[in-house]
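S.K.: Quick one: sequence plus predicted model below, questions after.
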Amino acid sequence: MVTRSQTDRSLLSRIFVGPTKGRTVRRSIFFLLLLVAVIGPWIVTHDPIRPDPFNTLAPPSAEHWFGTDRLGLDIFSRVVAGTRTDFTLALIGVLLGGGLGSLMGAWAAYRRGWVDTVLLRVVEVLQSFPVLLLGLALFAALGSLDIFEPFLFGPFDDTGKVVLTIAIASVNFPSYLRQVRSVLLPLTDAEFVQAAKCSGLGGWGIVWKHFIPNARGQILALFALTCAYAIQIIAGLSFIGLGIEPPHPEWGAMIREGATVIIQGKWWASLFPGAAIALSVYSLTGFSVGSDTPIDPASPSS
Amino acid sequence: MVLFSVVVLSFAVTRSTGTPLYAALGIQVSEEMIEARAEMMGLNDPIHVQFTTYAAALLRGDLGASRRTFVPVAEDIARKLPATAELVFFSMVVGSIWTIPLGVRAAMRPNGPIGKLGEGISQFGVTVPAFWLGLLLIFLLYFLWPVFPAPLGRLGRGFDPPAMVTGFYTVDALLAGNPALAWEALRHLILPAVTLGVTSSPPMFRVTRAAVSEVLASPYVEAAHSYGLSRRKVMIRDVFRNASPPVLNLAAMTFGYLIGGAVLVEVVFSWPGIGSYAVWGMEFSDYDVVLGVVIVSAAIYVLLYFIVDLLQYAMDPRVRN
Amino acid sequence: MTAAPANGALLTLSEIEVTIHTATGPVHPLQGVDLEVYPGETVGLVGESGSGKTMTLRSILRLMPPGGAVTGGAIEWEGRPVLDMDPDELQSYRGADVAMIYQNPVSALDPMLKVKRQIVDAFEANRNEADGDPEEFARSTLRDLEFGDPEAVLRRYPHQLSGGMAQRVNIALALACGPALILADEPTTGLDMTTQIRVLDLLERQVSARNAALLFISHDLRAVARVSRRIGIMYAGRVVEFGTRERILNEPSHPYTRALLECVDLRTGERPRSIPGLVPKMTEVYELCAFRDRCVSRMEVCDREPLPRCEPDERNMLLCHLGYGNG
């Protein structure tokens, strides 16, 4: 299955690469969303988790800009609060999986031989799960565990969030491993690597000082794409009831809430959180480097 | 090899969690009943024994049974797989209908209106979450402007499924000589298929465009023109032939994406396929159900890759060497 | 623009200009190319890379790269204006009248098709049944091109051919079209020395056996001198000197031609030297002589007036303020 490894990154970049035009607009939207994620608690109009039982399923109005949901929660405030939830989880998940994947990819490229073979096999197995089903399986396994209890702090105030992060990490691990490995494989014989070996730098030292900097451009290009994808996966899993459960504000879970009433014409409960997802993904494509654009390999620095 | 690892991994992952029988059976069962059930299902055996039992059964095509309904998982999946297959197939059709012509056209005229249209559709399909698009379509085309039937399964009330031949209701109804039923099945199919098709096909558009423009710029296409071959002949003989391997390869990858996406779309449209079955199993911590679906879809995925590899082999003389 | 020559020329290029619009701005690879090819003759064009040799050939077939167009001048084939041909006329002109042999032989062949299919298709696109059986033609042509087992070659795919074999297959493809003129774009560049000579001789022999004309371009003056009756020297998108092989080799008039000849001494085969200075950038349009910065005979008039054209007879031409007979 050589074909798959060759198309791996190009598939992801082909999913999320947008036209070069309008990049500035998309980047501006992204920074705006990032700002919303940071200052969210100060700009919400209502407490995102305090229901108003006398004002359920109210359409958008001056009081509730985006309306309220079945429990009478203010949708605008929840969409704003959800920005932080979704961005944080996506970021941590991608950093975790991507970081580990990049390191392992560099290691595989450096060691080759059986290390490379074994890691490639692992990646192949991980990738033969459809992404959402991998998430499903992870939740089946870890969702009811209480081993995470001692670690619940900060953004991880809920087991679902931990599992969600693990799911995002396991989806990203293979992509980064493959990408970094394919960039670095031709470098293992490069002179500066040989020189570093001669100067007595150890394996991990070479990986850290020479390989990672060389793959930096590729890793960054992949980063925006995988974050966009991660937001969709988080929302998707929460939509089917995994991960973040109400009343935690999360876009996918909000759409799930709204789905039950859309047949009755109550569109606002699912429209706004969905639009937030779409906007985030759209803004992130502003950072992707087109797969046709050659990425300038950073000069070997030390 | 890959499949075996998938089985081991999924098993390890889903079984590593104590006895999830409470969730499956509900809370109004006594301790003894659970214990008996667990004993019967072999859940008290050591994990490696459980795995050997499971693997041996798997080889016979036995995926265990639902802990809630006690219906064998393999049986359930066999019954539900055609619904997912029909959805995925029609999504593939929806995807190909627009991506391939538009991708080819966009490659021929990179700055033309068709290319921009294709780019616009794919940007939309990429940005919008599938389940949300499904909900929007339901709101627009069922609630506001009732063109399509209620998003509740494959057929409306008062319709019986056609006799099973292919498992595709549309096809089976036609085979049974019942065009009204086929129409009903199609009406239920369109919205989910469009939802899934539009959100999964953007890579197809981009790969088609990239592959065709790469071939169009190749020396052998210029050479073919220089020999006085007609444009039509060059398109069919050289361009399509050389551009198809990458498109085909991507189609297989899209398929994997579709199986994942189907989970979401099936939930939105109450589509009785394996995706919503897995979600149902998840809700009741019915892990053999989840495990079964995961294994079956991974198997389909691997099988598909194998078929595509064979096709590549048949199509491309360079692969054969 | 000059009027159509009534001198029996097969192909006439007058003042051809090509502009390519790229992301970084327009490029002008051809800035007024003049060229004539008579029936049955072999013409060679020599120039450094970037001088516009390949673009000249592509403009003859109107095969422009994306963003490129012939923006000035006229091309005439047997008196018919090529630039005014509609797509149908163009299609029948390509191949049947003019066929081309490409520089990189393997990539000019469709990787997915067997040699046989490619030759048969080229044959059928340009000929009718009176010309015989296409497969028989393919076999006999490959035999003419010294393939020991033509049948085996016909069954192969391009990637199964060596460079020399692929180039001979390309020659067979061009011959299959039955053209009156064959364009050869550095057909021997990628081949090793002995194969080069062999392919070149085969090409020349097969072309003359079919009474076709050959327009051959190369950066290698020796290869050009080996096969051409007349030689044109290209510099910065123009043909700066054109004449019979004897005249170009023995009495070169343009300082650039002389410099080229000094680089490759044909008699001793000494180590080639290079011409000092840089190849001009084709992002500019040169109204004056583009070579004057590197020219050893630069005069004051060179910086002031556009190049005069000396054309003592139909077969010789010079673009230089020095004029003929200054050597």
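M.R.: Structure's in. What do you need? Numbering: from 1, shown residues only, chains lettered A, B, ... in the order given.

S.K.: Need phi/psi at the residue lying closest to residue B:201 once chain neighbours are set aside.
M.R.: Among residues not flanking residue B:201 along the chain, residue B:95 sits closest, at 3.2 Å (CB to CB, 6 or more residues apart in numbering or on different chains). In this view, the C-beta of every residue, glycine as well, is placed from N, C-alpha and C. Here is the backbone geometry of residue B:95 (degrees, to the nearest 10): phi -60, psi -50.

S.K.: How about residue B:170?
M.R.: Taking degrees, to the nearest 10, you get phi -60, psi -50 for the backbone angles of residue B:170.

S.K.: neighbours of it, just the number please.
M.R.: 22 (other CB atoms under 10 Å in any protein chain shown).

S.K.: sorry, back to before: would you mind confirming that the residue nearest to residue B:201 makes contact with residue B:197?
M.R.: Yes. Assessed by CB atoms under 8 Å, residue B:95 is found in contact with residue B:197 at 4.5 Å.

S.K.: May I ask you to name the longest helix in the chain?
M.R.: All of this refers to chain A. If you go by DSSP state H, chain A has its longest helix at helix A:75-111.

S.K.: think we crossed wires, I meant chain C
M.R.: helix C:193-209.

S.K.: In what element of secondary structure is residue A:168 found?
M.R.: helix A:159-184 (DSSP states H and E).

S.K.: Report the rounded mean pLDDT for the following helix or strand past that helix.
M.R.: Downstream of helix A:159-184, the next assigned helix or strand under DSSP H and E is helix A:191-198. Helix A:191-198 shows an average pLDDT of 71 in the prediction.

S.K.: Just list what helix A:191-198 packs against, helices and strands only.
M.R.: Applying 3 or more CB pairs under 8 Å, 6 or more residues apart in numbering or on different chains; DSSP states H and E, one finds that helix A:191-198 contacts helix A:203-206.

S.K.: So, low pLDDT: which residues of the stretch 151-300 of chain C?
M.R.: Residue ranges of the stretch 151-300 of chain C with pLDDT under 70: C:265-273.

S.K.: what's the neighbour count on the single nearest residue of it relative to chain B?
M.R.: Residue nearest to chain B within the stretch 151-300 of chain C (CB to the nearest CB): residue C:157, separated by 4.2 Å. Using other CB under 10 Å, residue C:157 has 20 other residues around it.

S.K.: What of residue B:262?
M.R.: Counted with other CB under 10 Å, residue B:262 comes out at 30.

S.K.: three-state assignment of it?
M.R.: With DSSP: H, G, I helix; E, B strand; the rest coil as the basis, residue B:262 sits in helix.

S.K.: Let me know the pLDDT of it.
M.R.: 89.

S.K.: residues of the one helix or strand residue C:71 maps to that come out buried?
M.R.: Taking DSSP H and E as the definition, one finds residue C:71 inside strand C:68-77. Going by neighbour count (16 or more other CB atoms under 10 Å in any protein chain shown), the buried part of strand C:68-77 is C:68, C:70, C:72, C:73, C:74, C:75, C:76, C:77.

S.K.: What's the first helix or strand after that strand?
M.R.: Past strand C:68-77, the next helix or strand by DSSP H and E is strand C:80-81.

S.K.: does any part of the following helix or strand past that next one sit near chain B?
M.R.: Next helix or strand after strand C:80-81 toward the C-terminus (DSSP H and E): helix C:87-93. Yes. Counting by CB under 8 Å from any CB of the partner chain, chain B has neighbours in helix C:87-93: C:87, C:91, C:92, C:93.

S.K.: contacting residues for residue A:103?
M.R.: A:207, A:212 (CB atoms under 8 Å, 6 or more residues apart in numbering or on different chains).

S.K.: I'd guessed residue B:315 sits against residue B:246; true?
M.R.: No. With contact defined as CB under 8 Å, residue B:315 does not reach residue B:246; the gap is 11.2 Å.

S.K.: related to what we said a few turns ago, the residue nearest to residue B:201: neighbour count?
M.R.: 26.

S.K.: swap in residue C:152?
M.R.: The number of residues packed near residue C:152 is 12, by other CB under 10 Å.

S.K.: doesn't it fall inside a helix?
M.R.: Yes. Under three-state DSSP, residue C:152 sits within a helix.

S.K.: how close does it get to chain A?
M.R.: Residue C:152 is 30 Å from chain A, where distance means CB to the nearest CB, to the nearest Å.

S.K.: again with residue C:261
M.R.: Counting by CB to the nearest CB, the gap from residue C:261 to chain A is 40 Å.

S.K.: Now for that residue: which residues touch it?
M.R.: Contacts for residue C:261 (CB under 8 Å, 6+ apart) come out as C:221, C:249, C:252.

S.K.: Same check on residue B:201?
M.R.: Neighbour list for residue B:201: B:94, B:95, B:96, B:98, B:99, B:122, B:125, B:254 [criterion: CB under 8 Å, 6+ apart].

S.K.: before we move on, back to that, quick one: the longest helix of chain A to helix A:191-198, angle?
M.R.: 70 degrees (axes from the mean of the first three to the mean of the last three CA atoms, to 10 degrees).

S.K.: buried residues in helix A:75-111?
M.R.: Buried residues in helix A:75-111, counted by 16+ other CB under 10 Å: A:75-98, A:100-110.

S.K.: where does chain A dip in pLDDT?
M.R.: For chain A (pLDDT under 70), the answer is A:1-22, A:143-157, A:191, A:193, A:200-203, A:288-302.

S.K.: would you list every one of the helices in it?
M.R.: Going by DSSP H, chain A shows helices at A:2-16, A:23-43, A:75-111, A:113-127, A:131-142, A:159-184, A:191-198, A:203-206, A:212-239, A:251-262, A:268-284.

S.K.: now do the stretch 51-200 of chain C
M.R.: Assigned by DSSP state H, counting those that start in this stretch, the helices in the stretch 51-200 of chain C fall at C:53-60, C:87-93, C:115-126, C:134-144, C:150-154, C:163-176, C:193-209.

S.K.: which strands and helices sit next to the last one?
M.R.: Secondary structure elements in contact with helix C:193-209, counted by 3+ CB pairs under 8 Å, 6+ apart, are strand C:42-46, helix C:134-144, helix C:163-176, strand C:213-218, helix C:221-227.

S.K.: Just to check, residue B:194 is in contact with residue B:94?
M.R.: Yes. Between residue B:194 and residue B:94 there is a contact at 5.6 Å, judged by CB under 8 Å.

S.K.: State the paired neighbours of the strand holding residue C:71 in the sheet, together with their directions.
M.R.: The strands beside strand C:68-77 in its sheet (DSSP bridges) come out as strand C:11-22 (antiparallel), strand C:80-81 (antiparallel).
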